[in-house]
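sequence-free structure coming up:
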């Protein structure tokens, strides 16, 4: 009986780490670390500490290094620029040094947010032009990996949804929280375009690329391009609340005091490279949204 291959997952305490753990745990021997030890399958590691990171990865004798974690709150990143670069860029450089030393492949998670939104959609070969410090820090990580890492996967996610109310800090959970509070009208921007990305589909597609050993950079978002307003409308439809809750369109300026960080008008990605390689298993976002709500939000809206 052959021993399982090992994967070291750094920064695995968030919504994406939960998905990677679920999808990989049965077939691989995992070590999952984070500064927030919020699961019994996590242990403490701050990947910004290069020596501690290197020592822990080497000790595990892993075959792959997944560098998952990052600061993703755009407003926090604007206000904490040095911490953002330490966490989202220099820590990625740490991962590259470790992966190269151990001669193992590295997975780095990037984002649709690295584009400036001047185009309607972006394929894998479009030139990024990041607007704010979050986007700049993530793109700097991309550049360093592509220029310095021997074997790597860079996978760009869109508007992430996954892990449920405990870990989802993104759009779906923000809307769900408002519904739970009893809001009868939701104000949603109609001038921001993008592509939802279900974390479980994302992890499955990464696994497929890993198995095929197709290294490189890939856009990896759900099928069907859309916008914030359409996603909110579909969510109400999934919940059967489209007649009970009014959805009102507003411009981004309405929320500019809360969400002051620059955001591209369009973050719509197309999975061109996955399509051309016949390796795109990302499903339609509406199907994924329905499954996500069913599997992660059961009983969430029930009154206590």
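Noted; the coordinates are in hand. Since the structure is predicted, the reported quantities are computational estimates derived from the model, not experimental observations. Numbers count the residues shown, from 1 in each chain.

only C-alpha atoms for contact and neighbour calcs from this point on.
OK.

show me where the protein has helices.
Assigned by DSSP state H, the helices in the chain fall at 15-24, 50-60, 74-79, 81-85, 91-102, 133-148, 171-180, 199-212, 228-239, 272-276, 285-296.

mind giving me CSV with those and columns for mean neighbour count?
Formatted as CSV, the helices of the chain follow (neighbours: other CA atoms under 10 Å):
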stretch, mean neighbour count
helix 15-24, 21
helix 50-60, 15
helix 74-79, 16
helix 81-85, 18
helix 91-102, 21
helix 133-148, 21
helix 171-180, 17
helix 199-212, 18
helix 228-239, 18
helix 272-276, 15
helix 285-296, 17
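
now for these, which one comes closest to residue 163?
For the helices of the chain, the distance to residue 163 is smallest for helix 15-24, at 5.0 Å, taking CA to CA.

What's the mean pLDDT across the closest one?
Helix 15-24 shows a mean pLDDT of 97.

now stretch 43-50
For stretch 43-50, mean pLDDT rounds to 97.

Which one of the helices of the chain lies nearest to residue 9?
Nearest to residue 9 among those is helix 15-24; the distance by CA to CA comes to 7.8 Å.

Next, the angle helix 199-212 makes with the closest one.
50 degrees (axes from the mean of the first three to the mean of the last three CA atoms, to 10 degrees).

And helix 15-24, how far out from the chain middle?
The chain centroid and the centroid of helix 15-24 are separated by 11 Å under CA atoms, centre = their mean, to the nearest Å.

could we number from 13 for the rest of this?
Right, with 13 as the first residue, what we last looked at is helix 27-36.

residues making contact with it?
Defining contact as CA atoms under 8 Å, 6 or more residues apart in numbering, one finds that helix 27-36 is touched by 21, 23-24, 42, 44, 80-81, 173-175, 179-180, 211-212, 215-216, 219.

Then stretch 132-145?
If you take CA under 8 Å, 6+ apart as the criterion, stretch 132-145 is touched by 86, 89-90, 93, 96, 125-128, 148, 151, 229-231, 273-276, 278-285.

Off-centre distance for it?
The answer for stretch 132-145 is 16 Å, by CA atoms, centre = their mean.

Now do that stretch: distance from first to last residue.
The first and final residues of stretch 132-145 sit 22 Å from each other (CA to CA, to the nearest Å).

returning to what we had before: between the helices of the chain, which one is nearest to residue 203?
Smallest distance to residue 203 across the helices of the chain (CA to CA): 7.8 Å, for helix 240-251.

and that closest one, what other elements does it pack with?
On a contact count with 3 or more CA pairs under 8 Å, 6 or more residues apart in numbering; DSSP states H and E, helix 240-251 meets strand 197-201, strand 258-262, helix 297-308.

Apply 10 Å and report the result again.
Packing partners of helix 240-251 (3 or more CA pairs under 10 Å, 6 or more residues apart in numbering; DSSP states H and E): helix 183-192, strand 197-201, strand 205-206, strand 258-262, helix 297-308.

hang on, the earlier thing: filter the contacts of helix 27-36 to the buried ones?
Restricting the contacts of helix 27-36 to buried positions leaves 21, 23-24, 42, 44, 80-81, 173-175, 179-180, 211-212, 215-216, with burial counted as 16 or more other CA atoms under 10 Å.

Please narrow these to those residing in strands.
Mapping these onto strands (DSSP state E) picks out 21, 42, 44, 173.

Name the spans of this structure whose pLDDT lies under the cut-off.
13-14, 315-316 (pLDDT under 70).

Try it again at 90.
With pLDDT under 90 as the threshold, the chain has low-confidence stretches at 13-16, 237, 254, 265-276, 311, 313-316.

hang on, the earlier thing: can you redo the helices of the chain as JSON lines with distance to residue 50?
Listed next are the helices of the chain as JSON lines, based on distance: least, CA to CA, whole Å:
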{"stretch": "helix 27-36", "distance to residue 50": "11"}
{"stretch": "helix 62-72", "distance to residue 50": "19"}
{"stretch": "helix 86-91", "distance to residue 50": "21"}
{"stretch": "helix 93-97", "distance to residue 50": "22"}
{"stretch": "helix 103-114", "distance to residue 50": "21"}
{"stretch": "helix 145-160", "distance to residue 50": "24"}
{"stretch": "helix 183-192", "distance to residue 50": "19"}
{"stretch": "helix 211-224", "distance to residue 50": "18"}
{"stretch": "helix 240-251", "distance to residue 50": "28"}
{"stretch": "helix 284-288", "distance to residue 50": "33"}
{"stretch": "helix 297-308", "distance to residue 50": "17"}
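
Can you tell me which of those is nearest to residue 55?
helix 62-72 (10.6 Å).

Let me see the contact set for the residue nearest to residue 65 when sequence neighbours are not counted.
Closest residue to residue 65 apart from its sequence neighbours, by CA to CA, 6 or more residues apart in numbering: residue 59 at 5.2 Å. By CA atoms under 10 Å, 6 or more residues apart in numbering, the contact set of residue 59 is 22-23, 45-47, 65-66, 68, 79, 81, 98-99, 102-104, 106-107.
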